[in-house]
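Peer 1: Generate coordinates for the sequence data below:
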Amino acid sequence: MKLKILYTLVITGLFFSITACDEEFLDRYPEDSMSDATFFTKPSDFKTYVNGLYSSVLGARHVTSAGENGTDNFLMETTGGNEMKHSESGAADETNNTWNNNYDNIRRVNYVLNSIDKLEARDEEADQYIGEAYFIRAWHYFTLLQTFGGVPYIDEVLGTDSEALFKTRDSRDFIASKIIEDLDMAIELMNWKNEGFAVAPRINKESALAFKTRVALYEGSWEYYHGRKNTLFKVEGNDGLDFLREVVDAGDLLIAHQGDNIDKGSAGFEYWDLFNQQDYSSHEGVFLYKHFDILLEVSSHHNGGIVSYSGGLTKDAVYNYLMADGKPEAVSSETYDYTQLSSLIASRDPRLDQTIYSPARGNFYDIMSQYFVPAENTTKGPYQDLTNSFTGRGGYKVWKGMLAHQGNRSGDQQDEIMIRYAEALLNYAEAKAILGTISQTDIDKTVNVIRDRVGMVDLNIGEANSWSVTYDVSDGYDPAAANILNEIRRERRVELILENFRRMDLRRWAIYEDVVNGNKPVGAYYQEFEDFWNDDARVLAAGYDQSQLASLRLTLGTNIDITGEDINPLWRNADFTPTGRGYYIDPDRDYLQSIPRNEINFYETEGGVILEQNPGWF
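Peer 2: Next up is the predicted model:
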């Protein structure tokens, strides 16, 4: 969709996305009789309009297993398309929904923000909804920034004859600065969660502060690392440090308000409980979330996705977890039996046990008996069935986010977290580490607040910096940096795993190709699974029927295969055999997507403006 069309104001179009809770408003003001004179004069008008913008922010899943497929975190039996670019020619897409949809939503936000002067009386309630609008515009521009880099910036409602419809791309640091400006307005105008008019699940001040740390860290570290590496995606004249200081400023305000109030679940489930709730309104550590209610015919498929995806964590991700004594394996005194999955899990950071399924928990089906209908009793044993599509074929079955008591996989009401406190704490710690100002006090109020939730050993800067450990860039680390920065990167990977941050992190650190290219991920140690599934007595004892035994047996080269000693779910793909190429991205192209060709052509033919293409695309 062309910007010229997107910025044509069609009043009737405003109502298609207004939520059902405001249907009485639609009855009172029919679509064909709306006018500027009758709308945006009261705070309730702004609330009604902004309600219709929420789905554009909360429409997509944030925490989902398959979203990290193709990175070094997650492994399925199908490859991750973002990282399979061997045959990519560099021809730009003709259209791109990310471009179209975000500019469409920006136009809608601009309309409400350009109508503030129509308020008969501006008060705290109006400010809340205006602040939400600023947040939503920032959200959409950040999506464009991550996808395309610099884009044309528009903050007003344009008519079809406006010359401003056609303009060159603004620089990425300019776009990031405008996003920060919008978030600063949102922070100033909105209430804290559940105070005033910011009643959950509405966007609130905490969300804006946390999101500001995300945006500023993204751009600051992008400029810092791409500049240092002199990539095609560097920002001339900028080192990113000003953005990193914005992270610290926002983090200071958020920490002063929030302190160490981070959600903690029941004993043994301190971390796991956070990701399977049906209502986060009273959860202090969750700032923004999408609420589902089956009674209102608004349901999620998130839980079913976690159960159904035939994938799990990679061996690389699992072995990234620190040992239980808080040290990397190379300098730890902890011991474990790598041939026994339960021993491996028990030897490490407690969050691993709450992220993947451990045989020590017993039969999976016993726990999930209220979830699966009888016809799907395919995961009864303590070891995941490696031949069934409902299980983790790599052996490291996802447990994080599972809602064990939900009875309908295709229509649950598990809320989805969009922004949470732990991420903001990690953003803050990383920014200070890059700036070189990190202190033990900073670690104690960020990383150690997160670790204390599960009883993990605290991180100590002096001790960490003394470790004789190799930090490999292929694992996502910076070999030239102090140990403490790399331990913060590790902490981020562990705490935020499967929350769709990994790919973004690798790109902003300018190491996307170092981690991805040639990567041939594997899963768990294989023999333990064969010993269970090929032992008829053990399988029958787990509750299976005699008639199922043949279909459950594992035969190398027939229904399963290995690389070395480890499960290789991608064994049928030649690129993931021992002599294969593995994953691949073009380091001079695939950090950003292409600008849609139809937009480039439209700008040139209709406006005489050249919309510059991203590096590596034509």
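Peer 1: Can you give the distance from stretch 485-505 to the centre of its chain?
Peer 2: From the chain centre to the centre of stretch 485-505 is a distance of 10 Å (C-alpha atoms, centre = their mean, to the nearest Å).
Peer 1: Just the CA trace of it, in PDB.
Peer 2: C-alpha atoms of stretch 485-505 as PDB (Å, rounded to 0.1, in the frame of the first residue of the first chain):
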ATOM      1  CA  LEU A 485      30.000  -7.900  29.700                       C
ATOM      2  CA  ASN A 486      30.000 -11.500  28.300                       C
ATOM      3  CA  GLU A 487      28.400 -12.800  31.500                       C
ATOM      4  CA  ILE A 488      25.600 -10.200  31.100                       C
ATOM      5  CA  ARG A 489      25.100 -11.400  27.500                       C
ATOM      6  CA  ARG A 490      24.900 -15.000  28.900                       C
ATOM      7  CA  GLU A 491      22.400 -13.800  31.500                       C
ATOM      8  CA  ARG A 492      20.300 -12.200  28.800                       C
ATOM      9  CA  ARG A 493      20.300 -15.400  26.700                       C
ATOM     10  CA  VAL A 494      19.200 -17.500  29.700                       C
ATOM     11  CA  GLU A 495      16.600 -15.200  31.100                       C
ATOM     12  CA  LEU A 496      15.000 -14.200  27.800                       C
ATOM     13  CA  ILE A 497      15.300 -17.400  25.900                       C
ATOM     14  CA  LEU A 498      12.400 -18.200  23.500                       C
ATOM     15  CA  GLU A 499      11.100 -14.600  23.900                       C
ATOM     16  CA  ASN A 500      12.300 -13.600  20.400                       C
ATOM     17  CA  PHE A 501      15.300 -11.500  21.400                       C
ATOM     18  CA  ARG A 502      18.100 -13.700  20.200                       C
ATOM     19  CA  ARG A 503      18.100 -12.800  16.500                       C
ATOM     20  CA  MET A 504      17.700  -9.100  17.300                       C
ATOM     21  CA  ASP A 505      20.700  -9.300  19.700                       C
END
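Peer 1: Need the three-state assignment for Leu75.
Peer 2: Under the three-state scheme (DSSP: H, G, I helix; E, B strand; the rest coil), Leu75 adopts strand.
Peer 1: For the stretch 1-150 of the chain, give me the ranges with low pLDDT.
Peer 2: 1-37, 59-65 (pLDDT under 70).
Peer 1: can you map out the helices along it?
Peer 2: Under the criterion DSSP state H, counting those that start in this stretch, helices of the stretch 1-150 of the chain are mapped to 3-6, 23-28, 43-51, 54-58, 97-113, 124-148.
Peer 1: Show residues contacting the fourth one.
Peer 2: Taking contacts as C-beta atoms under 8 Å, 6 or more residues apart in numbering, the residues outside helix 54-58 that touch it are 17, 19, 101, 105, 108, 136, 139-140, 203, 288-290, 416, 418. The C-beta positions use only the backbone N, C-alpha and C, and glycine is treated the same way.
Peer 1: mind saving the C-alpha coords of that helix as PDB?
Peer 2: Extracted C-alpha coordinates of helix 54-58, given in PDB (Å, rounded to 0.1, in the frame of the first residue of the first chain):
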ATOM      1  CA  TYR A  54      -4.200  -1.800  20.800                       C
ATOM      2  CA  SER A  55      -4.500  -4.700  18.400                       C
ATOM      3  CA  SER A  56      -1.600  -3.300  16.300                       C
ATOM      4  CA  VAL A  57       0.700  -3.600  19.300                       C
ATOM      5  CA  LEU A  58      -0.700  -6.700  21.000                       C
END
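Peer 1: still on that earlier bit, for the helices of the stretch 1-150 of the chain, which one sits closest to Lys234?
Peer 2: Among those, the nearest to Lys234 by C-beta to C-beta is helix 124-148 (15.3 Å).
Peer 1: Just the buried positions in the closest one, please.
Peer 2: For helix 124-148, a neighbour-count test (16 or more other C-beta atoms under 10 Å) marks 125-148 as buried.
Peer 1: That helix versus helix 97-113: what angle between them?
Peer 2: Put simply, helix 124-148 runs at 160 degrees to helix 97-113, going by axes from the mean of the first three to the mean of the last three C-alpha atoms, to 10 degrees.
Peer 1: what separates helix 124-148 from the chain centre, distance-wise?
Peer 2: Helix 124-148 sits 18 Å away from the centroid of its parent chain (C-alpha atoms, centre = their mean).
Peer 1: going forward can the numbers begin at 459, since that is how I track them
Peer 2: With the count now opening at 459, the last piece we talked about shows up as helix 582-606.
Peer 1: Report all helices and strands that that helix contacts.
Peer 2: helix 501-509, helix 512-516, helix 555-571, helix 630-647, helix 663-687 (3 or more C-beta pairs under 8 Å, 6 or more residues apart in numbering; DSSP states H and E).
Peer 1: I'd like those laid out as a markdown table, including distance to Leu1069 and mean neighbour count.
Peer 2: What follows is the helices and strands packed on helix 582-606, written out as a markdown table (distance: least, C-beta to C-beta, whole Å; neighbours: other C-beta atoms under 10 Å):
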| stretch | distance to Leu1069 | mean neighbour count |
| --- | --- | --- |
| helix 501-509 | 30 | 21 |
| helix 512-516 | 24 | 18 |
| helix 555-571 | 11 | 21 |
| helix 630-647 | 14 | 21 |
| helix 663-687 | 21 | 24 |
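Peer 1: could those helices go into TSV alongside distance to Gly859?
Peer 2: Converted to TSV, those look like this (distance: least, C-beta to C-beta, whole Å):
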stretch	distance to Gly859
helix 501-509	27
helix 512-516	17
helix 555-571	25
helix 630-647	28
helix 663-687	20
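Peer 1: Mind telling me what element Leu844 is part of?
Peer 2: Assigned by DSSP states H and E, Leu844 belongs to no helix or strand.
Peer 1: Quick one: name whatever helix or strand follows the helix or strand harbouring Leu883.
Peer 2: Leu883 belongs to helix 879-893 when assigned by DSSP H and E. Downstream of helix 879-893, the next assigned helix or strand under DSSP H and E is helix 898-902.
Peer 1: Quick one: list the elements packing against that following helix.
Peer 2: Helix 898-902 packs on helix 879-893, helix 919-924, going by 3+ C-beta pairs under 8 Å, 6+ apart.
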